[in-house]
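Undergrad: for reference, the sequence and a predicted model appear below.
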Amino acid sequence: MKRELYLILLLLTLSLAGKAQNDHSINPTGNFITAAPQPFLFSVNTLTGNSPYWSLNYSGSYGERTLTPFGYDGVDQQLAVKGYLGNRFTLYANAAVGFARDGGTTSAQQAELMHDFIGGKQPFGPRIGLSLGGSRDWTNVKSIFSRVTASFDAASWRFAGNFRFEKAFDKSRDGIDLVTSFGFHHRITGNFFGGVEAVGEDLEGFWEADEAEGGAKLLVGPSINYVPSGSRFGFSVCGGPIIYATHSNVIPSEAVRDLSTLSQNGYTIRAQISFNLH
């Protein structure tokens, strides 16, 4: 089953390669800069007609004291496809495999369709959109979710933020889960950007003593993105401490998220390689 899912993703990207567009945009000074289809690790941004139309993104992460699908400590590998469908619609889908220290493996998948309702016609300026998607997490729990996306791109800086609302079809989970995230990058030199990313998970734990996922968690850490000039490849890295800000008496569950729940603080680091399809 896992091999079939990865094969479907791979065939999809190859079949769309001929439709993809050039990945250059122009800044106000007239210089060409290479666009990054997915510059942030924890926030998903929408694409425009001036962005790389389709990209293949491979990422891996390592964490300790994180209740991930591969155990409290472990590694995950993820393959994602992101593409611009036209008329301000963006498709994002991924499949992931987790490797536990005890030798076990598990998988997770999700896909969503995003649409910009404000902006989205020009490479620079604000964009605000909404998505609808579905997922299967590491414990085989199915969910539907919606994401509010907000981003602002300028010649020397960029911002992206998400508010994700998720409904899991499992009685042990919250009625509605909320995950918030944002990222900010500033141009350091050329196509090298640096900044910060933050994620907040189960923030209802700040006002609900019996929050079903174990309590509120926060991550704040440095983030970098680099796309060599004229290259189809892009590179991103982000990581930092995971702070378990509140604790409930409920045993946490495992969900498709960038953070997970435990009773003590931990950390995670994630790296990504993007390949623009022309």
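TA: Thanks, I have the structure now. Residues are numbered from 1 along each chain as shown.

Undergrad: spatially central residue for the protein, please.
TA: Centroid-nearest residue in the chain: F42, 4.2 Å away (criterion: C-alpha atoms, centre = their mean).

Undergrad: what about G239, how many residues nearby?
TA: 19 (other C-beta atoms under 10 Å). For the C-beta atoms, the positions are set from N, CA and C on the backbone; glycine is no exception.

Undergrad: likewise for Q77?
TA: 14.

Undergrad: help me confirm that it comes into contact with T105.
TA: No. With contacts counted by C-beta atoms under 8 Å, Q77 stays clear of T105, the gap being 10.2 Å.

Undergrad: between those two, what contacts are shared?
TA: V97, F99 (C-beta atoms under 8 Å, 6 or more residues apart in numbering).

Undergrad: neighbours of Y92, how many?
TA: 22.

Undergrad: from here on, count from 45
TA: Will do, 45 is the new start, and the previous item becomes Y136.

Undergrad: my guess is it meets Q122, correct?
TA: No. Y136 lies out of contact with Q122 (C-beta under 8 Å); the separation is 11.9 Å.

Undergrad: dihedrals phi and psi, D181?
TA: phi -90, psi -180 (degrees, to the nearest 10).

Undergrad: that one touches A152, doesn't it?
TA: Yes. With contact defined as C-beta under 8 Å, D181 counts as touching A152 (5.3 Å).

Undergrad: before we move on, back to that, so what pLDDT did the residue nearest to the centre of the chain get?
TA: Listed pLDDT for F86 reads 92.

Undergrad: tell me which residues touch it, please.
TA: S225, G227, E241, A242, V243, L263, C282, D302, R314.

Undergrad: of all those residues, which two lie farthest apart?
TA: A242 and R314 (13.8 Å; C-beta to C-beta).

Undergrad: quick one: which of those two has more around it?
TA: Set A242 next to R314 and count neighbours by other C-beta under 10 Å: R314 wins out with 21 against 18.

Undergrad: check contacts around the more buried one.
TA: Going by C-beta under 8 Å, 6+ apart, R314 touches L85, F86, S103, G104, S105, V281, C282, G283, D302.

Undergrad: hmm, 7 Å instead?
TA: With contacts defined as C-beta atoms under 7 Å, 6 or more residues apart in numbering, R314 is in contact with L85, S103, S105, C282, G283.

Undergrad: what about the closest residue to it other than its chain neighbours, which SS state?
TA: Excluding the flanking residues, the one nearest R314 by C-beta to C-beta, 6 or more residues apart in numbering is S105, at 3.9 Å. Per DSSP: H, G, I helix; E, B strand; the rest coil, the local secondary structure of S105 is strand.
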